[in-house]
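Student: Structure for the following, please:
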Amino acid sequence: MTKTRTQLEALCLLQDDDLPLDRMALLFAAEHQHDHTFDVSVYLQQLDAFAASFKTQFSKPTSAQLVQYLHQELQFSGNTQHYNRIDNSFFNRVLELRRGIPITLALVHLSVAERVDLSAEGINFPGHFLVRFNGPDELLIDPFTGRRLSRSDCEVLLKQNLGQHARLTEAHLAPASRRAFLMRLIENMKQCYWRERAWMSAEHCLNQQRLLEPEQPVLKLQLGNVKELRGDLDAARALYASLIQLAKDSDVGKLAAQRLLAMGGSKHQIH
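Tutor: The predicted structure follows:
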């Protein structure tokens, strides 16, 4: 077991409010990059430096000033040209390149806000992660662009992501737990690998998610799918069989049963 995995296993046992998002995002990214020079502390110090520089400029900082600082002075922005690149989900690469996707750019905002004592929370908005700053100068922003969002802006964004019949509710703007944030971050990595048919890396993402949410049957089902795609049919059968026992009356249990039946008796053919 690597030192990184040991740290992650320990951190995942913490209560939700105690999970250090920036450190854990870096550790999850480190497991995928196989870079022996990767030093989490270097990137945490970079975030410290961003915060220190910001505080020297503003004695009583506001959320609007922080957003402007990150997007205009530091030049963080959405990677519109290469949105689906895996680098956009690796927090260290986002800090190096100052380009990312909504959730990793949201993490930049949340990490610096915490260091300068501004209250901020991630919003698990469908298809596009958002950030809300609380307090007297409450502000809802799109971390991809730094643009302030009104409720009508959110309604438009929701329809773009879910279709014209979607209706905005308060649940869409509810704060994300730290665990949910990390699950979604890894989900983005997993989807990148899935598109590339990089099954071993996708499997590693699933194992990371299962550190955070070990009791989620759907993750076990997906792991069975990946094992099947990799040709490890005995492992896939074992996972499906255990799911049928664990969640036999649920949709996940029924899907596991369907996959097990589809695999049939052959140990060499994937259907």
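Student: quick one: secondary structure of L140?
Tutor: Using DSSP: H, G, I helix; E, B strand; the rest coil as the criterion, the local structure at L140 reads strand.
Student: neighbours around L243, how many?
Tutor: Residues near L243, counting by other C-beta atoms under 10 Å, number 25. The way it works is simple: take the backbone N, C-alpha and C, and place the C-beta from them, glycine included.
Student: With I141 instead?
Tutor: Using other C-beta under 10 Å, I141 is surrounded by 25 other residues.
Student: State the distance from it to S150.
Tutor: Shown here: I141 relative to S150, a distance of 11 Å by C-beta to C-beta, to the nearest Å.
Student: cool, V218 as well?
Tutor: The separation that V218 has from S150, given C-beta to C-beta, amounts to 35 Å.
Student: can you check A247 too?
Tutor: In this structure, A247 and S150 are 42 Å apart, going by C-beta to C-beta.
Student: what's R237 in contact with, if anything?
Tutor: Going by C-beta atoms under 8 Å, 6 or more residues apart in numbering, R237 touches 260, 263.
Student: Check what pLDDT it gets.
Tutor: On the pLDDT scale, R237 is placed at 94.
Student: what helix or strand does it sit in?
Tutor: Secondary-structure element containing R237, defined by DSSP states H and E: helix 233-246.
Student: Quick check: what element follows that helix along the chain?
Tutor: Moving toward the C-terminus from helix 233-246, the first helix or strand encountered (DSSP H and E) is helix 251-263.
Student: residues of that next one that come out buried?
Tutor: Under the neighbour-count criterion of 16 or more other C-beta atoms under 10 Å, helix 251-263 has 252-253, 255-256, 259-260, 263 buried.
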